[in-house]
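A.B. asks: My questions are about this predicted structure, shown below with the sequence.
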Amino acid sequence: MTGLRASNLSFSYGEKPALEDVSLEVGAGRFCALLGPNGAGKSTLFGLLTRLLVAPSGMIEIAGHDLARAPRAALARLGIVFQQSTLDLDLTVRQNLSYFAALHGLSGRRATTRIDAALDRMEMRERAGEKVRALNGGHRRRTELARALLHDPSVLLLDEPTVGLDAAARAAITAHAHALAEAGKTILWATHLTDEVQPGDDLIILHRARVLARGTAQDIAGGDRTLQERFLSMTGTAA
Amino acid sequence: MNAWVTSLRAIVLREALRFIHQRERLIAALVRPMVWLLVFAAGFRAALGLSIIPPYQTYITYETYIVPGLCGMILLFNGMQSSLSLVYDREMGSMKLLLTSPLPRGWLLFCKLVGSTMISVLQVYAFLAIAAGFGITMPGWGYVTVLPALLVAGLMLGALGLVLSSLVKQLENFAGVMNFVIFPMFFLSSALYPLWKMAESSELLHDICAVNPFTHAVELIRFALYLQFNGAALGWTCLAAAIFTGAALLGYDPARTRMGRKT
């Protein structure tokens, strides 16, 4: 198994359950959308998948490595784009990427080559010397994505990565993530926006801490309704 | 091993770059002890008489007495400043980057600690240079022998900052840290007055000062500045550093932390 597998995850903040018996499996080369209204438990699930939180029960496997037993091997195969920006605004794009590369043990020529390749991939090379503070929201997100891909992870987690972006930037980032899946990466994309999900994508609908549905987006939507309509009818909330 | 050194270098460099970008932090770090040295000390000199106590071999001016305490003050405030920036990092998300790196969390926190200590020590040397400019000098080799003492004291106070950053949930709560940690630690120590002076007014306060790890950090620095070794101060400072580091590791343990929670 080279993708992402989680089984029977539960987590609560005090008395309030945030996740109840959640399982998921995303194969290599698949784009899986994790769709849920605000407060469904998406960020908690990401916290568990990234080991920022530890679940009292259940198991997580990243590219074949058990996150509890071999956290370093598992995290080394994991790329993460958090909902919040992780970039230092007063450092340049390149300085930010160098810092992240070093946190993954990459330095010198190897790091420079990877950074240049990542910037080229995201069409950000000409902005490498600019301070992040000077970038617009779309470019900051592209920098985040370049950062998350620097160490060539097998599995990429993106937690509502299009928050605050305009329509064009949103479409570009979404298309890029789909292209990464086609290139063999495992993508888990958390969102509450149905238009970021393509019909052939795997889809997990999370609602009130539980998995409500899983399958491909077109199967869950059914033939006669849009995914948005189906999602609304299932969750009873605005998408 | 290379990944460990690479991460250490990167984290220290990032701390240094951030510090360079915050010029006001450097100015504040230098102005605060200079105000004590040049304004308060001038007033207190007349009020306080100092006897000959180790490591001094003669009567000294009050300005000379408080220099080690002010070095400690810089380390203390900088440790807290680093703690504040960790809370900020956590609120802004960049802490998550550090904590999801495939290196042991303890090592990454240690790197942070080393970075903030290096910056603290540089500020102390800048302060000592300015003090020397005002004629308050130490023995020449004292500026060299104080370095290990500053590193140990800086690591201890930085570790305390790490513990606090794991406990303080929001940036706004940091005022409490000032009132309940920094001020008591600084004033209930030998930084501004020798402990025998404190004992004259209150035995209880003297005992509190004597167990305050900051007192031992200051004494470690004081003795090192005068080319003397204070084993007890080193022992207490190292013990406090070990306890604070252990508590920080617990505070950042993913099984206990709420780091992944939305803010």
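C.D. replies: That came through fine.
A.B. asks: Check which residues of the helix or strand of chain A with the lowest mean pLDDT are buried.
C.D. replies: Ranked by mean pLDDT, DSSP states H and E, the weakest helix or strand in chain A is helix A:227-235, scoring a mean of 82. For helix A:227-235, a neighbour-count test (16 or more other Cβ atoms under 10 Å in any protein chain shown) marks A:227, A:230, A:231, A:232, A:235 as buried. (C-beta placed from N, C-alpha, C; glycine too.)
A.B. asks: Check stretch B:216-229 too.
C.D. replies: Applying 16+ other Cβ under 10 Å to stretch B:216-229 flags B:216, B:217, B:218, B:219, B:220, B:221, B:222, B:223, B:224, B:225, B:226 as buried.
A.B. asks: Against residue B:128, how distant is the last one?
C.D. replies: The one in question is residue B:226. For residue B:226, the distance to residue B:128 (Cβ to Cβ, to the nearest Å) stands at 13 Å.
A.B. asks: which regions of chain A sit below the pLDDT cut-off?
C.D. replies: Low-confidence segments of chain A, defined by pLDDT under 70: A:1, A:237-239.
A.B. asks: Show me how the record splits it into domains.
C.D. replies: Domain assignment for chain A by automatic domain parsing gives A:1-77+A:154-239, A:82-152.
A.B. asks: how deep is the residue in chain A positioned nearest to chain B tucked in, by neighbour count?
C.D. replies: Chain B sits closest to residue A:47 of chain A, with a gap of 2.4 Å, by Cβ to the nearest Cβ. By other Cβ atoms under 10 Å in any protein chain shown, 26 other residues sit near residue A:47.
A.B. asks: Look up which helix or strand it falls in, please.
C.D. replies: Assigned by DSSP states H and E, residue A:47 falls within helix A:42-49.
A.B. asks: which helices and strands sit right next to that helix?
C.D. replies: Applying 3 or more Cβ pairs under 8 Å, 6 or more residues apart in numbering or on different chains; DSSP states H and E, one finds that helix A:42-49 contacts strand A:4-13, strand A:16-26, strand A:57-62, strand A:155-159, strand A:186-191.
A.B. asks: re the thing from before, ok, residues contacting the least confident helix or strand of chain A?
C.D. replies: The contact list for helix A:227-235 (Cβ atoms under 8 Å, 6 or more residues apart in numbering or on different chains) reads A:35-37, A:40, A:194-195, A:197, A:203, A:205, A:207, A:212-213, A:217, A:220-222, A:225, A:238-239.
A.B. asks: Can you flag which of these belong to helices?
C.D. replies: A:217, A:220, A:221 (DSSP state H).
A.B. asks: Does the second one touch residue A:213 like I think?
C.D. replies: When you say that, I think you mean residue A:220. Yes: assessed by Cβ atoms under 8 Å, residue A:220 is found in contact with residue A:213 at 5.2 Å.
A.B. asks: buried set for the worst-scoring helix or strand of chain B on mean pLDDT?
C.D. replies: The weakest-scoring helix or strand in chain B, judged by mean pLDDT, DSSP H and E, is helix B:41-47 (a mean of 71). Judged by neighbour count (16+ other Cβ under 10 Å), helix B:41-47 contains these buried residues: B:41, B:44.
A.B. asks: same deal with stretch B:163-178?
C.D. replies: B:163, B:164, B:165, B:166, B:168, B:174, B:177.
A.B. asks: Quick one: residues in contact with that stretch.
C.D. replies: Here stretch B:163-178 makes contact (Cβ under 8 Å, 6+ apart) with B:80, B:83-84, B:86-88, B:90-91, B:181, B:244, B:247-248, B:250-252, B:257.
A.B. asks: for the record, mean pLDDT for that stretch?
C.D. replies: The average pLDDT for stretch B:163-178 rounds to 75.
A.B. asks: returning to what we had before: among the buried residues of stretch B:163-178, which are located in helices?
C.D. replies: When the buried residues of stretch B:163-178 are checked against helices (DSSP H), the matches are B:163, B:164, B:165, B:166, B:174, B:177.
A.B. asks: Which one of those residues is nearest to residue A:157?
C.D. replies: residue B:166 (24.4 Å; Cβ to Cβ).
A.B. asks: chain center to stretch A:170-189: distance?
C.D. replies: Relative to the centre of its chain, stretch A:170-189 is centred 10 Å away, using Cα atoms, centre = their mean, to the nearest Å.
A.B. asks: For chain A, which residues are neighbours of chain B?
C.D. replies: Counting by Cβ under 8 Å from any Cβ of the partner chain, chain A comes close to chain B at A:13, A:43-44, A:46-48, A:50-54, A:71-76, A:78, A:80, A:82-88, A:90-91, A:95, A:98-107.
A.B. asks: Once you drop chain neighbours, what's closest to residue 33?
C.D. replies: Using chain A here. Leaving aside its sequence neighbours, residue A:33 sits nearest to residue A:197 (Cβ to Cβ, 6 or more residues apart in numbering or on different chains; 4.3 Å).
A.B. asks: I was thinking of chain B, sorry if that wasn't clear
C.D. replies: residue B:70 (3.8 Å).
A.B. asks: shared neighbours, residue B:226 and residue B:128?
C.D. replies: residue B:138.
A.B. asks: Can you tell me how far residue A:152 is from residue B:2?
C.D. replies: For residue A:152, the distance to residue B:2 - Cβ to Cβ - is 18 Å.
A.B. asks: quick one on the thing from earlier: got JSON lines for the helices and strands packed on helix A:42-49, with mean neighbour count and distance to residue A:131 too?
C.D. replies: Supplementary listing: the helices and strands packed on helix A:42-49 in JSON lines, determined by neighbours: other Cβ atoms under 10 Å in any protein chain shown; distance: least, Cβ to Cβ, whole Å:
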{"stretch": "strand A:4-13", "mean neighbour count": "18", "distance to residue A:131": "34"}
{"stretch": "strand A:16-26", "mean neighbour count": "18", "distance to residue A:131": "36"}
{"stretch": "strand A:57-62", "mean neighbour count": "19", "distance to residue A:131": "33"}
{"stretch": "strand A:155-159", "mean neighbour count": "25", "distance to residue A:131": "24"}
{"stretch": "strand A:186-191", "mean neighbour count": "26", "distance to residue A:131": "29"}
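A.B. asks: Can you report how many residues lie near residue B:196?
C.D. replies: Neighbour count of residue B:196, defined by other Cβ under 10 Å: 12.
A.B. asks: Model confidence score at it, please.
C.D. replies: 81.
A.B. asks: got a list of what the closest residue to residue A:148 other than its chain neighbours touches?
C.D. replies: Closest residue to residue A:148 apart from its sequence neighbours, by Cβ to Cβ, 6+ apart: residue A:79 at 3.9 Å. By Cβ under 8 Å, 6+ apart, the residues touching residue A:79 are A:148, A:149, A:151, A:153, A:155, A:156, A:157.
A.B. asks: tell me the centre residue of chain A?
C.D. replies: Central residue of chain A (Cα atoms, centre = their mean): residue A:158, 1.5 Å from the mean position.
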